[in-house]
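Asker: Okay, predicted coordinates and the sequence, questions at the end:
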Amino acid sequence: MTTNWTGRTVLVTGAEGFIGSTLVDLLVARGARVRAFVHYKPYAEKGHLARYLADPGGPVEMWAGDVRDAGRVSDAVAGCDTVFHLAALIGIPYSYASPGAYVQTNVTGTENMAEACRRHGVRRLVHTSTSEVYGTARTAPIAEDHPLQPQSPYSASKIGADMMALSFHHAFELPVTVVRPFNTYGPRQSARAVIPTILAQLHSGAREVRLGSLAPTRDFTYVTDTAEGFLAVAECERALGQVVNLGSGQEISVGDLAQALIAASGRDAEVVVDPSRLRPSGSEVQRLLSDNSRARAWAGWKPEVSLTEGLRRTSDWIEANLHLFAPDRYQV
Ligand SMILES: Cc1cn([C@H]2C[C@H](O)[C@@H](COP(=O)(O)OP(=O)(O)O[C@H]3O[C@H](CO)[C@@H](O)[C@H](O)[C@H]3O)O2)c(=O)[nH]c1=O
């Protein structure tokens, strides 16, 4: 589905992140004016949006702020046609240490965003969920009506955020769509996630890849496919007030992924199981596989980049940007 974004003003929160900045690239390429809501200005200015932010008259305008600040959020939304809300705390391990922070940023931040969108009458609020809300698949592939199982405080906060966004559709007719990406990967992802963690180790010459468990499976979806999905659902009438999965529909175990990454990197290493790296019992999501038929049928979306090709591109990017993965640069 192609849509004309020319001349439209679009707010992207979490714009300095890897999915957010990829979405900004796609919007700019389609002629939109983007308001990039970023949390930490100095980081954003050096990060993936740097080339835009160095051009004050260009298509991207930076708004530094915190989604917990309702006034700042409202100011950012004013005059925008569409809002893509990606800003969130996303690290699962950190959510065990500080659940309340996840409630404030993820649930209250989404409430602030929905309230601002209502006040300013936006055409569509696209709220970002996560496949983590499903927990370990009870049935696979996972369709949007699968039960929600909060296996971590992070997941619970995202379930709360999703419900808050959807409640604004029911209570106030706010035009909301909840997108539920499965594990997105690709260039720009930080070392927090499994694919960049392993690739950064391999390209640094590690001869061992240490993993907590090889058994969990994930549905890895390439970042441009995820970002294209955001754009497709934003224009989809049937998706109003609905949840839409964005996943490749393919599943791979962490162990097989590690082998695929060794192949993609052209490096030689052994995979070692290290139980000290396991997440708390009952918290690890053991299986995620998307049913993406809703996104295909409703929004005309389909994944374009195969896992083999996506891992090769990601490996090449990490090898060329290894300085970003030095231990003192780790971002969680
Ligand atoms: C970083 C890391 C991960 N793993 C394992 C844990 C999981 O079974 C699997 C994938 O881990 P992660 O890449 O952290 O992804 P996962 O736990 O699925 O969660 C991610 O994907 C979610 C989308 O489903 C996002 O909402 C979360 O913010 C994000 O953290 O790899 C390891 O064994 N070792 C590691 O160092």
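Answerer: Cool, got the structure. The shown structure was predicted, so the numbers you read here are calculated from the model rather than taken from an experiment. Residues are numbered from 1 along each chain as shown.

Asker: can you list the residues of the stretch 51-200 of the chain near the ligand?
Answerer: With C-beta under 6 Å from any ligand atom as the criterion, the stretch 51-200 of the chain meets the ligand at residues Ile90, Ile92, Thr130, Ser131, Glu132, Phe182, Asn183, Ala193, Val194, Thr197. (C-beta placed from N, C-alpha, C; glycine too.)

Asker: Of those, which belong to helices?
Answerer: When those are checked against helices using DSSP state H, the ones located there are Ile92, Val194, Thr197.

Asker: If you tally nearby residues, what's the number for the second one?
Answerer: In terms of burial, Val194 registers 20 neighbours under the definition other C-beta atoms under 10 Å.

Asker: can you pull the contacts of the residue nearest to it when sequence neighbours are not counted?
Answerer: Leaving aside its chain neighbours, Val194 sits nearest to Val254 (6.6 Å; criterion: C-beta to C-beta, 6 or more residues apart in numbering). Remark: with contacts taken as C-beta atoms under 8 Å, 6 or more residues apart in numbering, Val254 is in contact with Val194, Leu211, Ser213, Leu214, Ala215, Pro216, Thr217, Arg218.

Asker: Is the third one in contact with Leu278, as I believe?
Answerer: Yes: the pair Ser213 / Leu278 is scored as a contact, 6.1 Å apart, by C-beta atoms under 8 Å.

Asker: Mind checking which of those two has more residues around it?
Answerer: Looking at Ser213 and Leu278 with other C-beta under 10 Å, you find the greater number of neighbours at Ser213, namely 16 against 13.

Asker: Dump the helix or strand Met164 falls within to CSV, keeping only the CA atoms.
Answerer: In this assignment (DSSP states H and E), Met164 forms part of helix 153-172. What follows is the C-alpha trace of helix 153-172 in CSV, where atoms were taken according to Å, rounded to 0.1, in the frame of the first residue of the first chain:
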residue,chain,number,x,y,z
PRO,A,153,6.8,-6.1,34.8
TYR,A,154,7.7,-4.8,31.4
SER,A,155,5.1,-6.9,29.7
ALA,A,156,2.5,-5.8,32.3
SER,A,157,3.3,-2.2,31.7
LYS,A,158,2.8,-2.6,28.0
ILE,A,159,-0.5,-4.4,28.5
GLY,A,160,-1.6,-1.5,30.6
ALA,A,161,-0.5,1.0,27.9
ASP,A,162,-2.3,-1.0,25.2
MET,A,163,-5.5,-1.0,27.2
MET,A,164,-5.2,2.7,28.0
ALA,A,165,-4.8,3.5,24.3
LEU,A,166,-7.7,1.2,23.3
SER,A,167,-9.9,2.7,26.1
PHE,A,168,-9.6,6.1,24.5
HIS,A,169,-11.0,4.6,21.3
HIS,A,170,-14.0,3.1,23.1
ALA,A,171,-14.6,6.0,25.5
PHE,A,172,-13.8,9.0,23.3
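
Asker: If you count neighbours, what's buried in it?
Answerer: Buried residues in helix 153-172, counting neighbours by 16 or more other C-beta atoms under 10 Å, are found at 153-162, 164-166, 168-169.

Asker: re the thing from before, go through the residues of the stretch 51-200 of the chain next to the ligand and name the one nearest Thr139.
Answerer: Taking C-beta to C-beta as the measure, Thr139 sits nearest to Ser131 out of these, at 14.0 Å.
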